[in-house]
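S.K.: kindly return the folded structure for what I paste below:
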Amino acid sequence: MAPGNSWRTRALKLAEAATTPLVPGDFLDLFAPLRAGAELRGRVESVHPETADAATLVIRPGADWDGHVPGQYVRVGVDVDGVRCWRAYSLTHGPRADGRISITVKAVPDGHVSPYLVRHTRPGTLLHLEQAAGEFVLPTTGPRKLLFITAGSGITPVIGMLRNLYPATDNGVLRLTRSAAYDVTVLHVAPSEPDSIFLDDLRRLEAAGAIRLVARYDDQHGILDLDHLDALVPDLGERTTFACGPGGLLDAITSHHEERGLPLFTEQFRVATVVTGEGGPVSFEKTGTTVECDGARPILEQAEEAGVLMPSGCRMGICYTCVLPLREGAVRDLRTGELTTAIAGETNTDGVVIQTCINAAAGPCRIGH
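M.R.: A predicted model of the protein is given here:
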C-alpha cells in the first residue's frame, strides 16, 4: 500500500471512530493491530505466485502467535462480501528466524475464499488467525525411513517439513545434524507439470541428494494406480507413509496400506460442500428441535408453527430482530433468490447471521437458537 493511501485510510478510520461508539481497544487496533493482547491477526507482507492458480502469502503474525511445528496448519479468517469466512491452510515453512509464517493457497474453482486470497490479497492486508494446530508432523523417534505421497496442494504440509529438515541457502541445500537420520522419498502427483506446486523446490532437494523424487503427472502418466506403487517405490515395505491430498486418493491409499499392514499417517484436504435444494430439516441448537421446512416459506413462519419460540418483528426484513446465526447449511433469500451458506469448521465459528423472516431452507440447516 502506498504511503499516501495508508494515511488516507487511517484518516477515514479516525473520522469514522469520531462518530461511532468504540472501546479503547478499537482505537489501538487502528495503529497496533498486531500488538500483544489484541485479537490474533497477521499482516500480509508479500504475495508470490507459485502456479497459474496458486500463491504463497508471507505473513507477519501478531505478538501472541505461539509458533508452530512443521506440518501443522493455521485457520485463517478473511472478510469476503461482509462475511468473515475461515479456512485452514498448511504452514509451508518451519519456524523462521524473522518470525514470519507462510501459507500457500490454491484457488478452488467456484471457491469463495481461496480465489480471493490468491487473486486479490495485497501486501498490507490484515487477516485473522488462530493458533497453529494439527498432528501431521514428522516423527522425532522411531523409524525415520519415510515416504511422502502428496497430490496437488497436499504438498503444502510436506514442503514445510522438508524445508525445515533441509534449509535452502544461496550456497545450496544444507544437510543438518537433525536431518541425518531421515531417509525420504517423495511421490508427488499433479494434473500436469505446470500445475505442480513447489516442483522447483522438490527438484532442488533431489539434486542435493536430500530426497528421492518420484513425480507423476496425470496428463503424462495417467491417474496413479496404487497397484504400481511397489514398482515406483521398491522399498515401500520398509517405509512409514505420510499421505496428504484429496479424499479419494487417501481412501485408496488407506485401503492399500491396511491390506498390506503398512504404517500410514494421513492429512486430508477436504473440499467441503453444502447440499442445497428446496427445503430441508432445520435444527435449532438450544432447543434441540428439528423442523422439516419447505423451500417456499420463511424459516421463522414454519418454526413458529412447530412451536419454536422465535425472535421476530416486522417480518419484512427491515427491523432485523429475527436475526440468528446459521451454523451449518444453506438458506435462500425469498426476495432475491440469493444463497447464504455456512460450513462447519470453515465459516466463522459464531456462524453467519441470517434473517429468518425472509430466508427459507435450501437444504439441511443448523441454527444457533
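S.K.: how about the contacts made by the closest residue in space to M161 that isn't next to it in sequence?
M.R.: Nearest residue to M161, sequence neighbours excluded (Cβ to Cβ, 6 or more residues apart in numbering): P70, at 4.5 Å. Yep, even glycine has a C-beta here, placed from its N, CA and C like the rest. Neighbouring residues of P70 by Cβ atoms under 8 Å, 6 or more residues apart in numbering: L91, H93, G94, P95, V137, L138, P157, G160, M161, R163, N164.
S.K.: sec struct for P70, please.
M.R.: The local conformation at P70, judged by DSSP: H, G, I helix; E, B strand; the rest coil, is coil.
S.K.: and if you look at A97?
M.R.: Under three-state DSSP, the three-state class of A97 is coil.
S.K.: how about low-confidence regions in the stretch 251-369 of the chain?
M.R.: 269-276, 315-317, 345-349 (pLDDT under 70).
S.K.: tell me the domain ranges of the protein?
M.R.: Domain ranges of the chain: 1-31, 40-129, 145-268, 280-367, per automatic domain parsing.
S.K.: quick check, distance from the third one to the centre of its chain.
M.R.: What that stands for is domain 145-268. 21 Å (Cα atoms, centre = their mean, to the nearest Å).
S.K.: identify the spatial nearest neighbour of L138, chain neighbours not counted.
M.R.: Using Cβ to Cβ, 6+ apart, the closest residue to L138 is M161 (5.2 Å).
S.K.: enumerate every residue touching that neighbour.
M.R.: For M161, the contacting residues are P70, G71, G94, V137, L138, F148, by Cβ under 8 Å, 6+ apart.
S.K.: now do 10 Å
M.R.: Neighbour list for M161: 69-72, 90, 92, 94, 136-138, 146, 148, 182, 184, 242 [criterion: Cβ atoms under 10 Å, 6 or more residues apart in numbering].
S.K.: where's it relative to F31, distance?
M.R.: Look at M161 and F31: by Cβ to Cβ, to the nearest Å, they are 37 Å apart.
S.K.: one more: Y182?
M.R.: Y182 sits 45 Å away from F31, going by Cβ to Cβ.
S.K.: burial count for L213?
M.R.: 18 (other Cβ atoms under 10 Å).
S.K.: quick one: it is in a strand?
M.R.: Yes: counting by three-state DSSP, L213 falls inside a strand.
S.K.: and the strands in the stretch 151-300 of the chain?
M.R.: Listed in chain order, the strands of the stretch 151-300 of the chain (DSSP state E, counting those that start in this stretch) span residues 168-169, 172-173, 183-190, 211-217, 240-245, 264-268, 280-284, 289-293.
S.K.: one step back: by neighbour count, which of the contacts of M161 wins?
M.R.: S90 (29 neighbours).
S.K.: out of the contacts of P70, who's nearest D350?
M.R.: Nearest to D350 out of these is L91 (Cβ to Cβ; 24.7 Å).
S.K.: right, and the closest one touches G71 too?
M.R.: Yes: assessed by Cβ atoms under 10 Å, L91 is found in contact with G71 at 8.0 Å.
S.K.: overlap of the contact sets of those two?
M.R.: A132, G134, T156, P157, I159, G160.
S.K.: which of the residues you listed sits closest to T254?
M.R.: Closest to T254, out of all of those and judged by Cβ to Cβ, is P157, at 17.4 Å.
S.K.: how close does that closest one get to L232?
M.R.: Taking Cβ to Cβ, one finds P157 at 21 Å from L232.
S.K.: the more surrounded of those two?
M.R.: Per other Cβ under 10 Å, whichever of P157 and L232 has more neighbours is P157, with 26 against 17.
S.K.: nearest spatial neighbour of that one, skipping sequence neighbours?
M.R.: Nearest to P157 is S90, by Cβ to Cβ, 6+ apart, at 3.9 Å.
S.K.: now for the one you found: which residues touch it?
M.R.: Counting by Cβ under 10 Å, 6+ apart, S90 has contacts 68, 70-74, 102-105, 132, 134, 136, 153-161, 244, 267, 269.
S.K.: which residues touch the closest residue to S179 other than its chain neighbours?
M.R.: When the adjacent residues along the chain are set aside, S179 lies closest to L165, with 4.2 Å between them (Cβ to Cβ, 6+ apart). Applying Cβ under 10 Å, 6+ apart to L165 gives the contacts 70, 94, 138, 173-176, 178-180, 182, 184, 205, 210-211.
S.K.: now L165: how far from H221?
M.R.: 27 Å.
S.K.: thinking again about what came up before, and the contacts of P70 as a markdown table, adding pLDDT and distance to L326?
M.R.: As requested, these are arranged in a markdown table below (pLDDT from 0 to 100; distance: Cβ to Cβ, whole Å):
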| residue | pLDDT | distance to L326 |
| --- | --- | --- |
| L91 | 95 | 30 |
| H93 | 93 | 35 |
| G94 | 90 | 38 |
| P95 | 91 | 38 |
| V137 | 93 | 34 |
| L138 | 89 | 39 |
| P157 | 94 | 30 |
| G160 | 95 | 34 |
| M161 | 95 | 37 |
| R163 | 94 | 39 |
| N164 | 92 | 39 |
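S.K.: center of the protein - which residue?
M.R.: For the chain, the residue nearest the mean C-alpha position is A88 (2.4 Å; Cα atoms, centre = their mean).
S.K.: quick one: pLDDT of L28?
M.R.: pLDDT for L28: 64.
S.K.: helices of the stretch 1-150 of the chain, residue ranges please.
M.R.: Ranges of helices in the stretch 1-150 of the chain, per DSSP state H, counting those that start in this stretch, are 3-18, 24-31, 114-120.
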